[in-house]
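K.L.:
Test case, fold it:
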Amino acid sequence: MKRNGYIKSRKNGQNSEKETILPGNVILALLFLLMIFFIGKAFGYVKEKVLPTNAPAAQCENWGLGGYGDGTQPTGIASSEQLKKNDAYYIGDSKEKVIYLTFDAGYENGNTAPILDALKKHQAPATFFIVGHYLESAPELVKRMVAEGHCVGNHTYHHPDMSKISDTASFQKEMNDVADLFRDITGQELTMYYRPPQGKYSEQNLKMAKDMGYKTFFWSLAYVDWYQDKQPTKEEAFEKLIGRIHPGAIVLLHSTSKTNAVILDELLTKWEEMGYVFKPLSDLAGQ
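P.N.:
Just a heads-up that it's a prediction; the model follows:
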């Protein structure tokens, strides 16, 4: 017997028998490798049967921007070319000093009227993306938007995270309920423009909107103006909105902002002095 080599030899007559006894750590290593092998097989089976490699992944995104400065256009998390595949936009021509004004209207708190007054004074067209609550609670202001030549677009009825809605019927209902109520209030058809709530979207969402006949509009300039208890000062607003303006800008403002209501007349004047003109989104969408 040779213990150091873990070999034991026995002689029985003229026959010789040798046994190989593996050390404990080698046995454990082999067992571990076997376990890894079977786990790998099992994972491969699940991957093939449940999540095939060619299955489309739902990639949800939050719209975001970067690269502001010196009147240059910012970049988006998706390019203009990628977005246009689904009739979606976030910015206009880099060579034209044009501004597209848009307002997200979730509810009414007394600031829409002065905003409309400033737009009328400057003959500046805008698009108001509204939700169901706004239509229910402020129908007269919606009628005023239409009467003064502004577009009213779809911001969904309940303002949910639409990127989590993969069911076509549910997606369509959020959109159709806004269009139906708008028709009841104004007697007109809603402009087929859509803005995803909170800028949350997926490729599937954009395609569903396109299939319904909508064009989707994100933005290339916005600032934090929606907190009612933390409104930006005039100086803070001008720093962002004047300092970051650029050719082809789709500007997102909230109609609930008291700051916006107070500064809009002066803001539009300053932009005009910088050589900018205001055009409707239909100009950008080629309609």
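K.L.:
what's the weakest-modelled helix or strand in this structure?
P.N.:
Here the helix or strand of the chain ranked lowest by mean pLDDT, DSSP states H and E is strand 7-12, holding a mean of 38.
K.L.:
Could you tell me the end-to-end distance of stretch 119-138?
P.N.:
19 Å (Cα to Cα, to the nearest Å).
K.L.:
Give the rounded mean pLDDT of it.
P.N.:
Averaged across stretch 119-138, pLDDT comes to 98.
K.L.:
could you pull out the helices for the stretch 151-287 of the chain?
P.N.:
Ranges of helices in the stretch 151-287 of the chain, per DSSP state H, counting those that start in this stretch, are 168-186, 203-211, 234-243, 258-273, 281-285.
K.L.:
Wait, Lys121 touches Glu266, no?
P.N.:
No. Judged on Cβ atoms under 8 Å, Lys121 makes no contact with Glu266 at a distance of 11.0 Å. For every residue, glycine as well, the C-beta is placed using N, CA and C.
K.L.:
Next, count neighbours for Glu235.
P.N.:
8 (other Cβ atoms under 10 Å).
K.L.:
Start at 68, not 1
P.N.:
I'll keep to 68 as the first residue from here, and by that count the last item is Glu302.
K.L.:
how close does it get to Tyr201?
P.N.:
Going from Glu302 to Tyr201 by Cβ to Cβ, to the nearest Å gives 29 Å.
K.L.:
Then Asp350?
P.N.:
Distance from Asp350 to Tyr201, by Cβ to Cβ: 25 Å.
K.L.:
With Gln149 instead?
P.N.:
31 Å.
K.L.:
again, but for Ile158
P.N.:
26 Å.
K.L.:
Show me the contact partners of stretch 147-167.
P.N.:
130, 140-141, 143, 145, 194, 270, 273-274, 276-277, 281-287, 312-318, 338, 341-348, 350-352 (Cβ atoms under 8 Å, 6 or more residues apart in numbering).
K.L.:
these two touch, right, Val245 and Phe195?
P.N.:
No. Taking contacts as Cβ under 8 Å, Val245 lies outside contact range of Phe195: 11.8 Å.
K.L.:
which regions of this structure sit below the pLDDT cut-off?
P.N.:
68-126, 354 (pLDDT under 70).
K.L.:
still on that earlier bit, tell me which of Asp350 and Tyr201 has more neighbours.
P.N.:
Neighbour count, other Cβ under 10 Å: between Asp350 and Tyr201, Tyr201 has more, with 26 against 15.
K.L.:
For that one, which three-state class applies?
P.N.:
Put simply, Tyr201 is helix when judged by DSSP: H, G, I helix; E, B strand; the rest coil.
K.L.:
ok, the closest residue to it other than its chain neighbours - contacts?
P.N.:
Leaving out its chain neighbours, the residue that sits closest to Tyr201 by Cβ to Cβ, 6 or more residues apart in numbering is Ala172, at 4.9 Å. With contact taken as Cβ under 8 Å, 6+ apart, Ala172 is in contact with 179, 195-198, 201, 222, 321-323.
K.L.:
Would you mind giving these as JSON lines with distance to Gly216 added?
P.N.:
Converted to JSON lines, the contacts of Ala172 look like this (distance: Cβ to Cβ, whole Å):
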{"residue": "Thr179", "distance to Gly216": "15"}
{"residue": "Phe195", "distance to Gly216": "12"}
{"residue": "Phe196", "distance to Gly216": "16"}
{"residue": "Ile197", "distance to Gly216": "16"}
{"residue": "Val198", "distance to Gly216": "22"}
{"residue": "Tyr201", "distance to Gly216": "19"}
{"residue": "His222", "distance to Gly216": "20"}
{"residue": "His321", "distance to Gly216": "21"}
{"residue": "Ser322", "distance to Gly216": "17"}
{"residue": "Thr323", "distance to Gly216": "22"}
